[in-house]
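S.K.: Quick check, what structure comes out for this input:
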Amino acid sequence: MTTNGTLQILLFFGLIVLLTRPMGAYMARVFGGERTLLDPVLRPAERLLYRLFLVREDEDMPWKTYAFALLMFSAAGGLLSYALLRLQGFLPLNPQHFGGRQMTADLAFNTAMSFTTNTNWQNYCPEAVVSYFSNMVALATHNWTSAAAGIAVAIAVVRGFARHTVNGLGNFWVDVTRSILYVLLPLSVVAALVMVWQGVPQNFAPYTPAATLEGAQQSIAQGPVASQEVIKMLGTNGGGFFNANSAHPYENPTPLTNLLQLLLIFLIPAGLTYTFGRMVRNARQGWAIFAAMTFMFAGGLGLAYWSEAHGNPNVTRLGVLARPTAGQPGGNMEGKETRFGIANSVLFATVTTDASCGAVNSMHDSFTPLGGMVPLVNIMCDETIFGGVGAGLFGILMYAVIAVFIGGLMVGRTPEYVGKKIEKYEVRMAILAVLILFANVVVWTALGTNVSLPPGGSSQSFTDTQKTDEAAYLRAHPAAAWNHVNTSSPSLYEGATYNNVNNAGAHGLTEILYQYASQTGNNGSAFAGITGNTPFYNLTGGLAMLIGRFLMIVPLLAMAGSLARKKLVPESAGTLATDSATFAFLLAAVVLIVGALEYFPALALGPIVEHFQMIGAHLF
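M.R.: The predicted structure is shown next:
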């Protein structure tokens, strides 16, 4: 850990703190229907869209109608994306002539569901599979719409707390439209111009052939990168234009673009905490949530930075210098870009997994066990540490309801939050959402382990000369028949690989657990030591993303609908103060304790065990 690295981290978070209030206040005006500086330009376009799509701006939707609109909107977008991906060979802006051979049916399903749910998990190499048209229309469109849908749901949940004795949560179509026009679009235009200035490509040119210094030929991919890079970060989408994502010099060429991308990831989630405070007419409530998020963010970042800066003791034991000097950065630099170093790599990994973004500028699979555990734990906190755009706010409010309930039991009072009594129905809905996320991770992980880890956990590939052994393996693991890699083979068995995990033991299990946690948490980052482009992982991963997104949202909208119908309860001497540092600490503790109770058995079998294995090898 260096002074320079610490100062860069403090600079980033200092900027976030400075931007939170103005960003939050602006969004409160936007969704409160108040006039903004952009109204003269954007209001006519907004009204035109309402007329074109027959939207009644003043219609107030009950929670069921709001949820139905969200589900239909997302389903239509997902089906459209699937069709465009399958048909990309017949569509324009495809200079590399990518077609259905690159985008198979199961991969197209996984990809369409991934972008629809704001996950942007990628089981493919983007520059080798997806055309410019598919990138812009089938995929990048969701970078806008899924982000806008998340913001809309967050605002609807906030209205549940802010309103009283009403049946409506607002209008989904109006909230989505205003999210895109007034929030995402202006910021994206400005940030994209900065990215182009810094050297990020923005063109439709074919890939450029080039010769290396050794005389080999290579193809340099390019395309409309800048415009997609910005909304990828601002909408906490995370899907890269290139396979290397934000480690690629065309996506993230300079220290300034790296800082800008980090700011874009946290900007809206942090701002929404202040928006919440403004809409419930108590800004301190928003700052309490911001403080709880900051506590968890700082703890995870500190642990990851310490672990990566100290490096691997097994390497140190070999006589390799692990401390930073004028000639080398020290610590664990495996899987990291030298132009970013340890501090900015760890900061990026922490921010992107806190915010369910999933973009990466380093390889999480190459982090030390404790360093790699932090991104995994961040994801398993259910998008509560700033979280995705919108998802972070309604995720933390889900836990706030649980925390208020626990706090009420501790002081012997009926739990109340921002003037609303928290009763059995609200707690049930919050707990239901939490349990759905937990079950989604562990069930799919168990199935994935059965498929990918043969008996003993060793890495095995079954070829045509091992049909007898393979047949026995398939009888013991029937789900593995879904997971064959060599789909072009005339035989299911010939040349097929059923173990998709590159590492045996605890780390191999962590790779599977990380995948389903990332997909359930709509994050999209990976431990990347796992081969995900198989029928089994494409189909189960697509289902995991759908469940993790929508079966969490529906109970929370039901909770918000119940709260909106309630009367305001005046504060009394026995009311638990929820705008204090004490409640912020309680809220963070509830998130971490609930997460530990749910996931610790799985975590204990992965990175924690791996960490002690590493220490044991160092000592003995």
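
S.K.: Could you look up the SS state of the residue lying closest to residue 50 once chain neighbours are set aside?
M.R.: Nearest residue to residue 50 in three dimensions, chain neighbours excluded: residue 57, at 5.5 Å (Cβ to Cβ, 6 or more residues apart in numbering). For glycine as for every other residue, the C-beta is placed from the backbone atoms N, C-alpha and C. Here residue 57 is recorded as coil under DSSP: H, G, I helix; E, B strand; the rest coil.

S.K.: And residue 57, how far from residue 184?
M.R.: 19 Å (Cβ to Cβ, to the nearest Å).

S.K.: okay, those two: which has more neighbours?
M.R.: residue 184 (22 against 13; other Cβ atoms under 10 Å).

S.K.: Hmm, residue 231 and that one touching each other?
M.R.: Yes - counting by Cβ atoms under 8 Å, residue 184 touches residue 231, with 6.7 Å between them.

S.K.: what sits in contact with each of these two?
M.R.: Jointly contacting residue 184 and residue 231 under the rule Cβ atoms under 8 Å, 6 or more residues apart in numbering are 144, 147.

S.K.: Could I get the full set of strands for the stretch 301-450 of the chain?
M.R.: 416-417, 420-421 (DSSP state E, counting those that start in this stretch).

S.K.: Just the mean pLDDT for the first one, thanks.
M.R.: Per-residue pLDDT values over strand 416-417 give a mean of 90.

S.K.: That strand: partners in the sheet, and parallel or antiparallel?
M.R.: Sheet pairing for strand 416-417, assigned by DSSP bridges, gives strand 420-421 (antiparallel).

S.K.: Residues touching the strand it pairs with, excluding its own?
M.R.: 161, 164, 414, 415, 563, 566, 568, 569.

S.K.: try 10 Å
M.R.: 160-164, 280, 401, 404, 408, 414-415, 426, 562-569 (Cβ atoms under 10 Å, 6 or more residues apart in numbering).

S.K.: Ok, stretch 76-85 next?
M.R.: 91, 98, 100, 102-105, 107-117, 129-131, 133-134, 137-139, 141-142, 145-146, 149, 542, 546.

S.K.: who does residue 218 bridge with?
M.R.: residue 210.

S.K.: shouldn't it be in contact with residue 127?
M.R.: No - look at residue 218 against residue 127 with Cβ atoms under 10 Å: they stay out of range, at 11.9 Å.

S.K.: Between these two, which is the more surrounded one?
M.R.: Ranked by neighbour count (other Cβ under 10 Å), residue 218 and residue 127 place residue 127 first, with 22 against 11.

S.K.: distance of that one from residue 265?
M.R.: Residue 127 is 23 Å from residue 265, by Cβ to Cβ.

S.K.: Could you do residue 342 as well?
M.R.: Taken as Cβ to Cβ, the span from residue 342 to residue 265 is 19 Å.

S.K.: Residue 418 contacts residue 161, correct?
M.R.: Yes - look at residue 418 against residue 161 with Cβ under 10 Å: they come within range, at 5.0 Å.

S.K.: what is in contact with these two at once?
M.R.: In contact with both residue 418 and residue 161: 276, 279, 280, 285, 397, 400, 563, using Cβ under 10 Å, 6+ apart.

S.K.: neighbour-wise, which of these leads?
M.R.: residue 276 (32 neighbours).

S.K.: On the pLDDT front, check the closest residue to residue 254 other than its chain neighbours for me.
M.R.: For residue 254, ignoring the flanking residues on the chain, the nearest one in space by Cβ to Cβ, 6+ apart is residue 198 at 5.1 Å. Per-residue pLDDT puts residue 198 at 94.

S.K.: Tell me which residues touch residue 198, please.
M.R.: Here residue 198 is in contact with 226, 252, 253, 254, 255, 256, 257, 258, 260 (criterion: Cβ under 10 Å, 6+ apart).

S.K.: At which residues are the strands of this protein located?
M.R.: 208-211, 217-220, 416-417, 420-421 (DSSP state E).

S.K.: Let me have these in TSV, extended by distance to residue 558.
M.R.: Below are those laid out as TSV (distance: least, Cβ to Cβ, whole Å):
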stretch	distance to residue 558
strand 208-211	53
strand 217-220	51
strand 416-417	16
strand 420-421	15
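
S.K.: highest average neighbour count across the ones you listed?
M.R.: strand 416-417 (a mean of 23; mean count of other Cβ atoms under 10 Å).

S.K.: What are the contacting residues of that one?
M.R.: 161, 280, 285, 397, 400-401, 403-405, 407-408, 422, 426, 563, 568-572, 574-576, 578, 583.

S.K.: Produce a PyMOL select command limited to the buried residues of these.
M.R.: Restricted to buried positions by 16 or more other Cβ atoms under 10 Å, the PyMOL selection for those reads:
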select buried, resi 161+280+285+397+400+401+403+404+405+407+408+422+426+563+575+576+578+583
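
S.K.: and the contacts of strand 416-417, which of them are in helices?
M.R.: 161, 285, 397, 400-401, 403-405, 407-408, 426, 563, 583 (DSSP state H).

S.K.: and which of those residues is nearest residue 355?
M.R.: residue 397 (16.3 Å; Cβ to Cβ).

S.K.: Spit out the contact partners of that closest one.
M.R.: Going by Cβ under 10 Å, 6+ apart, the list of residues near residue 397 reads 154, 157-158, 160-161, 276, 289, 384, 417-418, 430, 556, 559-560, 563, 587.

S.K.: so how far is residue 420 from it?
M.R.: 12 Å.

S.K.: for residue 187, same thing?
M.R.: Distance from residue 187 to residue 420, by Cβ to Cβ: 32 Å.

S.K.: Could you do residue 48 as well?
M.R.: Applying Cβ to Cβ to residue 48 and residue 420 gives a distance of 38 Å.

S.K.: cool, residue 560 as well?
M.R.: 10 Å.

S.K.: what's the overlap in contacts for those two?
M.R.: 160, 161, 162, 163, 426.
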